[in-house]
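>>> Quick one: sequence plus predicted model below, questions after.
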Amino acid sequence: MRFAIMGSGGVGGYFGARLAEAGEDVTFIARGEHLAAIRQDGLIVTSIKGDVSIKPAQATDDPASVGVVDCVIVAVKAWQVREAAEAIRPMIGPHTIVLPLENGVEAADTLIDVLGSAPVIDGLCGILAWREAPGHVRHAGVDPFVRFGECDNHASERISQLKAVFDGARGVSAEIPDDIKVAQWSKFLFICAMSGIGSITRAPIGVTRQLPETRAIIERMLEEIDAVARAHGVAFPEDAAVRAMHFIDAMPAESTSSMQRNIMAGQPSELESQNGAVVRLGRAVGVATPTHELVHAALLPQEQAARDKEASDR
């Protein structure tokens, strides 16, 4: 299959490299120093599942130059999804699949709003990875997985074919869940709580899950997300929040979320798509989310400053 990776950082770089390693035709959409390094030296992935180097690697900053592809993987930051949707239009043909691998729960809706419903499926991934240097992605934790399905959960040939392709890639587990919304919100449940606590404490998860005071905050965030999801019709199991806490307890002690790392670096983050989304989606259905409101408000001044700086640097 022909793939385009829209956003070639930790997520897009890892999964794109694994697909290229398996012999798929992959083009990485990147920019700046990252693009220059990929063009010159290829894309290097250092991984606990085995290193891989894609050299030469196909890479560009112009999606229009790629042509129509079979699948576009959208792995940009959550606040960039709408802009990415506009940019990938030239790569979409009548049979192209658009697969979002985002941390939030609204990416597919945003893509559909721009591109229409036909090409868009829903998806998520699990991995602890980041861009360590231009042209270099590091995968440091979590057995990488992708889960995807049609937005209405119906079985389709294109979903089966896409899974078969991912099944051929080393270091990737692919799954078609019975209910993609449950799968997506289940990931959102733990990653949003982890992002929130890490961002306000600046501490890794091994610290915050042990201190009784911060553990209680994590648990309250999980309970609020659980309530919001159910109010939006997500068919969570009764112990969804408990399961999420077990997952957090099993993560490597040094783990941090991408949102936390962005905030600690003074960069724009996914605050509005994570804790901010819980507040917004909760208000839409009359569910109170006081813990997320506090986290969101506490981080908002820095977030606004980071976005103002990014805008002035353009």
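In hand now; what should we look at? This structure is a prediction, so every number in the text was calculated from the model and none was measured. Residues are numbered from 1 along each chain as shown.
>>> quick one: contacts for Val228?
Going by CB atoms under 8 Å, 6 or more residues apart in numbering, Val228 touches 278, 281-282, 285, 287, 289. C-betas here are computed from N, CA, C, even on glycine.
>>> What about these, which one has the most neighbours?
Greatest neighbour count in the contacts of Val228, by other CB atoms under 10 Å, goes to Val278: 30 neighbours.
>>> Would it be right to say that that residue lies in a helix?
Yes - with DSSP: H, G, I helix; E, B strand; the rest coil as the criterion, Val278 is located in a helix.
>>> how far away is the closest residue to Arg89 other than its chain neighbours from Cys151?
Closest residue in space to Arg89, ignoring its immediate chain neighbours: Leu115 at 7.1 Å, by CB to CB, 6 or more residues apart in numbering. Plainly put, Leu115 is 13 Å away from Cys151 if you go by CB to CB, to the nearest Å.
>>> between those two, which one's more packed in?
Leu115 (18 against 15).
>>> For that one, what are phi and psi?
phi -100, psi -10 (degrees, to the nearest 10).
>>> now Ala22
Dihedral pair for Ala22: phi -80, psi 0, per degrees, to the nearest 10.
>>> show me the residues around it that make contact.
165, 168-170 are the contacts of Ala22 under CB under 8 Å, 6+ apart.
>>> Give me the subset of these that lies in helices.
Applying DSSP state H to the contacts of Ala22, the entries found in helices are Val165.
>>> Now do the contacts for Val72.
Contacts of Val72 (CB under 8 Å, 6+ apart): 3-4, 6, 88, 91-92, 96-99.
>>> same thing but 7 Å
4, 6, 88, 91-92, 96, 98 (CB atoms under 7 Å, 6 or more residues apart in numbering).
>>> Neighbouring strands of the particular helix or strand that has it in it in the sheet, and parallel or not?
Using DSSP states H and E, Val72 falls within strand 71-74. Sheet pairing of strand 71-74 (DSSP bridges) gives strand 2-6 (parallel), strand 97-100 (parallel).
>>> In which helix or strand does the closest residue to Gly198 other than its chain neighbours reside?
By the measure of CB to CB, 6+ apart, the closest residue to Gly198 outside its immediate chain neighbours is Gln260, 3.6 Å from it. Following DSSP H and E, one finds Gln260 within helix 258-264.
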